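1. Fold the following, please.
(one chain, ligands or ions: 1)
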Amino acid sequence: MKLGQSDISVGKIAYGCWRFSQNDSAKADRIIRTALDAGMNLIDTADIYGFNRFPDRADKGFGQAEARLGDILTAAPSLRKQIVIATKGGIDAVQPYNSSFRYVMAAIDASLERLQTDYVDLYQIHRPDVTTPMQETARALNEIVKSGKARAIGVSNFTVAQTRALQAHLDHPLATLQPEFSAVHQDPMTDGILDYASETGATILAWSPLGGGRIPQKDGPVQAVLDGIATRYGTTRAVAALAFTRAHAAHVIPIIGTQNPTRITELGYAAQINLTGREFYDVVEAYRGKLMP
Ligand SMILES: NC(=O)c1ccc[n+]([C@@H]2O[C@H](COP(=O)([O-])OP(=O)(O)OC[C@H]3O[C@@H](n4cnc5c(N)ncnc54)[C@H](OP(=O)(O)O)[C@@H]3O)[C@@H](O)[C@H]2O)c1
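-> Reported below is the predicted structural model:
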């Protein structure tokens, strides 16, 4: 499967590094290799991952998740070609959102340095900065692709209107859109983002596809329906939840975030499960109420 209209091949499930910087380097290495073994070649990170405004350190952890991945790649350079690195910039720990030309160009250079690579496969604007004209952000993204610093570009947490406005000034199609999407957060099905992805061929990278832990750890009507599906396929509720996101007709890749290697392997099984339409709509109805009287 390709990432949007790019020629980048990706697995059906992705691994995300938001919670990654808490690990020592041995555990971090094990996590990345387990994810690759489970078919998750797209590793999603961001310059802000690791940031915590409270620790008594000058950098407060900004860049820490990227640096940890960079260390793994330095120790095992052959991994670079196996990993599709997706990073993000545009959350400035102070402002907090900044997508000005100057900021984005400096941000990608800093990310490349921490990741210890001369290109990333996907560069994403993390959140919309409504104080910067879309033309200006587009100029930065155009320059990033032209200079070979990224093979493809994407956005995260943009509305459909914001995505269209940015796309109008880009030389290349946005390969990915990254909204929060899960069985317990189904807004992208009604706010137009998934339909926009279908229209343009962009891939959806679904963040927090287990609701950040709410799906496996809490009970409710959605979880009860997922349990029924899981029993039918001989699997777990978490796997059924990932299969739900993949069942939408848009190209959806859930980005999982567990730090537990056993769970990473288990969740890889979701790539093999294709829910029926009835099962998919059972989850929708558990979330939204009956679709038919
Ligand atoms: N673009 C954005 O604004 C944005 C925002 C948030 C996240 N993201 C991306 O999405 C990725 C995933 O986010 P997420 O970590 O919230 O995803 P998630 O997979 O929905 O949630 C992972 C959390 O669920 C917990 N969990 C509990 N039981 C579990 C089970 N049985 N199986 C798996 N996990 C279980 C994990 O704990 P354990 O570690 O103990 O298993 C972990 O804390 C991030 O790493 C990042 O790449 C992007």
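2. Write out the residues of the stretch 151-293 of the chain neighbouring the ligand.
-> By Cβ under 6 Å from any ligand atom, the residues of the stretch 151-293 of the chain that approach the ligand are 156-157, 178, 207-213, 216-217, 238, 255-260, 263. C-beta here means a position set from N, CA and C on the backbone, and glycine is covered the same way.
3. Go ahead and build a PyMOL selection from the buried members of these.
-> Buried residues among those (16 or more other Cβ atoms under 10 Å), as a PyMOL selection:
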select buried, resi 156+157+178+207+208+209+210+211+212+216+238+255+256+257+258+263
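4. can you tell me which of the residues of the stretch 151-293 of the chain next to the ligand are in strands?
-> Among those, the ones falling in strands (DSSP state E) are 156, 178, 255-256.
5. Can you pick out the most distant pair from these?
-> Greatest spacing in these, by Cβ to Cβ: Ser156 and Ile256 (16.2 Å).
6. Please narrow the residues of the stretch 151-293 of the chain next to the ligand to those residing in helices.
-> Among those, DSSP state H puts 216-217, 238, 263 in helices.
7. what would those look like in CSV with pLDDT?
-> Below are those laid out as CSV (pLDDT from 0 to 100):
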residue, pLDDT
Pro216, 98
Gln217, 98
Ala238, 98
Arg263, 98
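8. Out of these, which two sit at the greatest distance?
-> The two members of those with the most space between them (Cβ to Cβ) are Gln217 and Arg263, at 12.2 Å.
9. Against Arg278, how distant is Gly220?
-> Distance from Gly220 to Arg278, counting by Cβ to Cβ, to the nearest Å: 20 Å.
10. Who has more neighbours out of those two?
-> Higher neighbour count among Gly220 and Arg278: Gly220, with 13 against 7, using other Cβ atoms under 10 Å.
11. pLDDT score for the more buried one?
-> Reported pLDDT at Gly220 in the predicted model: 98.
12. likewise Gly277?
-> Looking at Gly277, its pLDDT reads 98.
13. 16 is where my numbering starts, stick with that
-> All right, first residue 16 from here; so that's Gly292.
14. And for it, the neighbour number?
-> By other Cβ under 10 Å, the residues close to Gly292 number 8.
15. Also the one 10 residues further on?
-> For Tyr302, the count of nearby residues is 18 (other Cβ under 10 Å).
16. So which other helices or strands are in contact with the helix or strand hosting Asp136?
-> For Asp136, the element it lies in under DSSP states H and E is strand 135-140. The contact analysis (3 or more Cβ pairs under 8 Å, 6 or more residues apart in numbering; DSSP states H and E) places strand 135-140 against strand 99-104, helix 116-130, helix 149-161, strand 165-171, strand 191-193.
17. out of these, which comes closest to Leu88?
-> helix 116-130 (6.9 Å).
18. Show me which residues of the closest one are buried.
-> By 16+ other Cβ under 10 Å, the buried positions in helix 116-130 come out as 116, 118-120, 122-123, 126-127, 129-130.
19. Could you name the helices and strands sitting against it?
-> helix 79-90, strand 99-104, strand 135-140, helix 149-161.
20. Which of the ones you listed sits closest to the ligand?
-> Nearest to the ligand, of all these, is strand 99-104, at 6.6 Å by Cβ to the nearest ligand atom.
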